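>>> give me the fold of what follows.
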Amino acid sequence: IHIADPTRTIPLNSPLANEAKRRTTSIYLPTGTITMFPMALAAGPLCLRPGTKACALSIGVRLDASGGIDYDDDNDTNPAVIITPSYVNTERLTYRQVDRILCDPSEFYSMHGEEEVEDSAVDGMAESRPEMWDQLRRLKYVADRRLEWRKAGGSLESVGDYELPDMSVKV
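Alright, predicted model coming up:
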């Protein structure tokens, strides 16, 4: 997991840093986004842009076989969560594109219906970028275990859409 790390760019206690502390986080809503930083920075030099090396906090989480976080209190040499500063070069894929890479065509069309323009941008990627395909395949396996663990714990993913109340967000 990589998260943009603006703290390596913005001076501590500067007006920009203080405003970001006040806001605490960016808020993503169906109607728009309230960013922690001005949009010119949040979507520019302070974000993880595809194909550009950027400062990040990289987080690794060790999961057990059932998908829960593997907290082993007696093992200080192999903690369940590791956070480290890093430089990353990312790639941006939509959920549809990942499904297109990982699923066979009939499964993809049953999930998404008609093809969209950006879908074909990843055709052949499993063959031309086997390391990416392998990483996505392993991430899917872990994500599926985690989802099952969440459902077993009563998460909303275990409830059908028709059972959830309609929701509106007012800001």
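>>> all helices of this structure, in order?
15-23, 39-42, 95-102, 105-112, 125-128, 130-152 (DSSP state H).
>>> could you dump those to a markdown table with distance to S58?
C-beta here means a position set from N, CA and C on the backbone, and glycine is covered the same way. Formatted as a markdown table, the helices of the chain follow (distance: least, Cβ to Cβ, whole Å):
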| stretch | distance to S58 |
| --- | --- |
| helix 15-23 | 20 |
| helix 39-42 | 20 |
| helix 95-102 | 20 |
| helix 105-112 | 30 |
| helix 125-128 | 23 |
| helix 130-152 | 14 |
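>>> quick one: closest of those helices to I1.
Of all the helices of the chain, it is helix 130-152 that lies closest to I1, at 10.3 Å by Cβ to Cβ.
>>> give me the distance from the closest one to the chain's centre.
12 Å (Cα atoms, centre = their mean, to the nearest Å).
>>> which elements pack onto it?
helix 95-102, helix 125-128 (3 or more Cβ pairs under 8 Å, 6 or more residues apart in numbering; DSSP states H and E).
>>> let's see 6 Å
Contacts defined by 3 or more Cβ pairs under 6 Å, 6 or more residues apart in numbering; DSSP states H and E place helix 130-152 against helix 95-102.
>>> give me the buried positions along the helix it packs on.
96-97, 99-101 (16 or more other Cβ atoms under 10 Å).
>>> can you tell me which of the helices of the chain is nearest to A65?
Using Cβ to Cβ, those put helix 130-152 closest to A65, at 7.4 Å.
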